[in-house]
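> Provided below are the primary sequence and the corresponding predicted coordinates.
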Amino acid sequence: MSCADSERTADVSSRTVISLKGVTKIYGKGQAITEALRGIDFLVTEGEFVAVMGPSGSGKSTCMNILGLLDTPTVGTYTFKNIEIGRLSRNQRALLRRHYLGFVFQGFNLLNRTSALENVELPLIYRGFPATVRRASALRSLEMVGLHGWETHTPGELSGGQQQRVAIARAIVTEPAVLLADEPTGNLDTIHSREIMELLISLNCDQGITVVMITHEPEMAAYASRVVHFRDGVVESDVRNGRAS
């Protein structure tokens with residue numbers, strides 16, 4: 001279950017982490033032009049848990065790519081923590097992504113012959129952290145996601161739910177401001193899906209990590225504090241959940 005509204009509203013209402021204003025994204029040229037996003041406005045404040053839904057081709061994945069600094073708008077502005085992303089160089093965007101964002105994917109994206117501990121350490125290697133610091137941080141992250149004692153196991157020795165927990169530990173080991181989750185329960189059964197959602201709720205409530213999640217599943221979206229529906233490149237609806245945080 002999410003956190004209570006009363007615990008958050010006054011604190012986060014004026015603290016915008018993500019702001020998209022008039023964002024349009026166009027792919028292709030001539031007859032092949034596709035307008036994936038059509039002038040959307042989208043805000044996320046610190047501490048929110050936002051679920052993004054919509055049919056295939058609605059623009060939700062394009063929006064997530066822009067939020068993750070993996071793509072840029074054709075028109076419009078993206079502001080992250082008062083930084084206008086369009087003014088940054090490619091290297092600056094990479095640094096911001098590395099230091100402020102965590103990513104969780106449907107397919108886990110773990111290195112198959114590498115232990116859970118080593119998988120979680122990877123982002124810290126890219127940051128140049130010394131081995132002792134990497135190990136301590138990775139052990140702490142694995143414990144946070146309930147995998148104490150599984151550090152030496154490879155992905156092939158773990159269940160799907162455990163593999164996704166490793167992926168989440170890897171995403172949070174850098175202590176990101178925002179966790180972007182793309183269909184994090186898409187490859188899991190109902191029981192493991194609920195376990196992952198409860199973990200995300202815990203990270204959101206207890207660690208204060210802002211979560212933006214794409215999902216096709218209404219049951220999973222019900223865990224979020226807001227549900228934003230995309231259709232045909234625009235925001236069709238943006239509502240707070242009854243269980244909102």
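Right, received. Where do you want to start?
> what ranges do the strands span in the protein?
16-27, 34-45, 49-53, 75-80, 83-84, 101-105, 178-182, 210-214, 226-231, 234-240 (DSSP state E).
> And those: which comes nearest His153?
Judged by Cβ to Cβ, the one of these that comes nearest to His153 is strand 101-105, at 19.1 Å. Yep, even glycine has a C-beta here, placed from its N, CA and C like the rest.
> Partner strands of the closest one and their direction?
Applying DSSP bridges, strand 101-105 is found paired with strand 178-182 (parallel).
> quick one, the strand it pairs with and strand 210-214 angle?
Computed with axes from the mean of the first three to the mean of the last three Cα atoms, to 10 degrees, the direction of strand 178-182 lies at 10 degrees from that of strand 210-214.
> which residues does the residue most central in space within the chain bridge with?
Nearest to the geometric centre of the chain sits Leu180, at 0.9 Å (Cα atoms, centre = their mean). Judged by DSSP bridges, the bridge partners of Leu180 are Phe103, Val212.
> wait, doesn't it sit right on Cys63?
No. Using Cβ atoms under 8 Å, Leu180 is not in contact with Cys63, being 10.5 Å away.
> any residues in contact with both of those two?
Counting by Cβ atoms under 8 Å, 6 or more residues apart in numbering, Leu180 and Cys63 have no shared contacts at all.
> Tell me which other helices or strands the longest helix along the chain touches.
Longest helix in the chain by number of residues (criterion: DSSP state H): helix 190-206. On a contact count with 3 or more Cβ pairs under 8 Å, 6 or more residues apart in numbering; DSSP states H and E, helix 190-206 meets strand 49-53, helix 160-172, strand 178-182, strand 210-214, helix 218-221.
> Dump the longest one to CSV, restricted to CA.
By that I understand helix 160-172. C-alpha atoms of helix 160-172 as CSV (Å, rounded to 0.1, in the frame of the first residue of the first chain):
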residue,chain,number,x,y,z
GLY,A,160,12.2,-14.2,-11.9
GLY,A,161,11.1,-12.2,-8.9
GLN,A,162,14.6,-12.4,-7.4
GLN,A,163,16.2,-11.4,-10.7
GLN,A,164,14.0,-8.3,-10.7
ARG,A,165,15.0,-7.6,-7.1
VAL,A,166,18.6,-7.7,-8.2
ALA,A,167,17.8,-5.3,-11.1
ILE,A,168,16.1,-2.9,-8.6
ALA,A,169,19.0,-3.1,-6.2
ARG,A,170,21.3,-2.2,-9.1
ALA,A,171,19.0,0.8,-9.9
ILE,A,172,19.0,2.1,-6.4
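> got the angle between that helix and strand 101-105?
Using the same axes, to 10 degrees: helix 160-172 against strand 101-105 is 160 degrees.
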